[in-house]
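S.K.: Below are the sequence and a predicted model for it; my questions follow.
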Amino acid sequence: MTIVLGLDIGGANTKFAILDYSEDKVSFLAAESEYFPLWKQLEKFSDYLKSIKEKIEKNYGIIDYTTFVTTAELADCFQTKKEGIETISKIVESVFSKDNHTPLMYDVNGEFLSTTKTAEKWLEVSATNWVASANFLGKEYPNAIILDIGSTTTDIIPIFNGKVVAKGKNDFERLASQELVYSGTLRTTIPAIIHEIKLRGKIVPLSSELFATSGDVYMALDMISENEFTVDTADGRPPSKGNALARLARTVCADHNQLSTSEIIQIAKQIKEKQFDILSAALNTVINRFHADYKLNPKIILIGSGSEVIGISLLRENGIYEQILIKEIINAPVSAAFSAYATANLYIDTLRKT
């Protein structure tokens, strides 16, 4: 029995997947996504990882190999990405090193690097969770576009002949090529989506304060449950529908005493429509570029916590009526922690070759 852990460390969520590799067979054991605001609690991150390790080893046995990706180097508790990679690598190494095996980080070129080398290769290992997802899925779906909708961002990843053919290799380049959109189901601030709404026959500008987030929109529209609202709310109150409506009312400097529920729902619908417009523009840019470059219609694969909340409706609005959900590919609850799952699987591929 060989236990392989895959970690995907984000600035707001840490995901992990545990696999057993025995007799050339991979068995899924567990996968989870947990909210941990690293940018606010960096000093507690080591203890948090230790709690994950203890829970895993109590239930599944000693972890033999640890592999990981991260996007948390962008968190503003770090002055630079290099500092972020170095700090995160040291913490992961201190918690998960075992005998002669140091944790391994997946880089943008599809290689695993020891944490002893990641500081000098910081740009190559920054924000590579999307690469792991695409390289894993590309083995079975050689011509595809992955639409990964998370709580904070959306990745649109083209694959041709089993290879990642993204125009960008880092966050800056991917933003510029519309392969990365900083818009997701829960944490996106409302002014990052829309600046004005129509209400009572008038155009009303929105406040630029952090009064509400995209999670409130989908809560108000009954598209997510309280259990699915897994991050901090803007005002720190619980993620109930009533509280979501109150937070959305504040975006126009009002409250629920001044606006009716139906009026706040109107606000939520307009925000949703605008977010869909933003995501549609990026998706169509990548699809059209794929058509022009490769003369093929790619399969569309949906992953991430927003794959069903947003993904299916988004595709329908763009005239796309076929998609593959990750649960149709993998008979395990891995969608919200897919990059962690992919990273662990990719490392097992290297074990097979040894």
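M.R.: Thanks, I have it.
S.K.: count of residues packed around Asp293?
M.R.: When neighbours are counted by other Cβ atoms under 10 Å, Asp293 registers 12. From N, CA and C alone the C-beta is placed, and that goes for glycine too.
S.K.: Now do the contacts for it.
M.R.: Counting by Cβ atoms under 8 Å, 6 or more residues apart in numbering, Asp293 makes contact with Phe160, Val165.
S.K.: Where does it fall, secondary structure wise?
M.R.: helix 261-294 (DSSP states H and E).
S.K.: avg pLDDT for that helix?
M.R.: Mean per-residue pLDDT for helix 261-294: 98.
S.K.: likewise stretch 7-19?
M.R.: 97.
S.K.: how about that stretch as CSV, C-alpha atoms only?
M.R.: The C-alpha trace of stretch 7-19 is given here as CSV (Å, rounded to 0.1, in the frame of the first residue of the first chain):
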residue,chain,number,x,y,z
LEU,A,7,-2.4,19.2,-2.5
ASP,A,8,-3.7,22.3,-4.2
ILE,A,9,-2.9,25.3,-2.0
GLY,A,10,-4.9,28.4,-2.8
GLY,A,11,-5.0,31.7,-1.1
ALA,A,12,-8.5,31.0,0.1
ASN,A,13,-9.0,27.3,-0.2
THR,A,14,-6.8,24.3,0.3
LYS,A,15,-7.7,21.1,-1.5
PHE,A,16,-6.3,17.6,-1.1
ALA,A,17,-6.8,14.2,-2.6
ILE,A,18,-5.5,10.9,-1.2
LEU,A,19,-4.8,7.9,-3.5
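S.K.: centre of the chain versus that stretch, how much separation?
M.R.: On the basis of Cα atoms, centre = their mean, to the nearest Å, the separation between the geometric centre of stretch 7-19 and that of its chain is 10 Å.
S.K.: re the thing from before, can you give me the buried ones in the helix holding Asp293?
M.R.: For helix 261-294, the buried set under the neighbour-count rule, 16 or more other Cβ atoms under 10 Å, comprises 263-268, 270-272, 274-276, 278-279, 282-283, 286-287, 289-290.
S.K.: now do stretch 222-241
M.R.: Judged by neighbour count (16+ other Cβ under 10 Å), stretch 222-241 contains these buried residues: Met223, Ile224, Glu228, Phe229, Thr230, Val231, Asp232, Thr233, Ala234, Pro239.
S.K.: how about the helices of the stretch 151-300 of the chain, start to end?
M.R.: Along the stretch 151-300 of the chain, the stretches classed as helices by DSSP state H, counting those that start in this stretch are 171-176, 214-220, 241-250, 261-294.
S.K.: contact partners of the shortest one?
M.R.: Among residues not part of helix 171-176, those counted as contacts by Cβ under 8 Å, 6+ apart are Leu74, Ser126, Ala127, Trp130, Asp155, Ala166, Lys167, Gly168, Leu180, Val181, Tyr182.
S.K.: Buried residues, that helix. List them.
M.R.: So, applying 16+ other Cβ under 10 Å, buried residues of helix 171-176: Asp171, Arg174.
S.K.: next one: the third one
M.R.: Of all the residues in helix 241-250, those buried under the rule 16+ other Cβ under 10 Å are Asn243, Ala244, Leu245, Ala246, Arg247, Leu248, Ala249, Arg250.
S.K.: Which one, of the helices of the stretch 151-300 of the chain, ends up nearest to Pro37?
M.R.: The closest of these to Pro37 is helix 214-220. By Cβ to Cβ, the value is 14.3 Å.
S.K.: Counting by contacts, list what the closest one packs against.
M.R.: helix 241-250, helix 261-294 (3 or more Cβ pairs under 8 Å, 6 or more residues apart in numbering; DSSP states H and E).
S.K.: need the ones you listed in CSV with distance to Val4, can you?
M.R.: What follows is these, written out as CSV (distance: least, Cβ to Cβ, whole Å):
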stretch, distance to Val4
helix 241-250, 39
helix 261-294, 32
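S.K.: Can you say which of the ones you listed is nearest to Ser22?
M.R.: From those, taking Cβ to Cβ, the stretch that ends up closest is helix 261-294, at 38.7 Å.
S.K.: Figure out how far the closest one is from the centre of its chain.
M.R.: 18 Å.
S.K.: Can you check which of the helices and strands packed on helix 214-220 gets nearest to Glu328?
M.R.: helix 261-294 (19.9 Å).
S.K.: Good, wrapping up.
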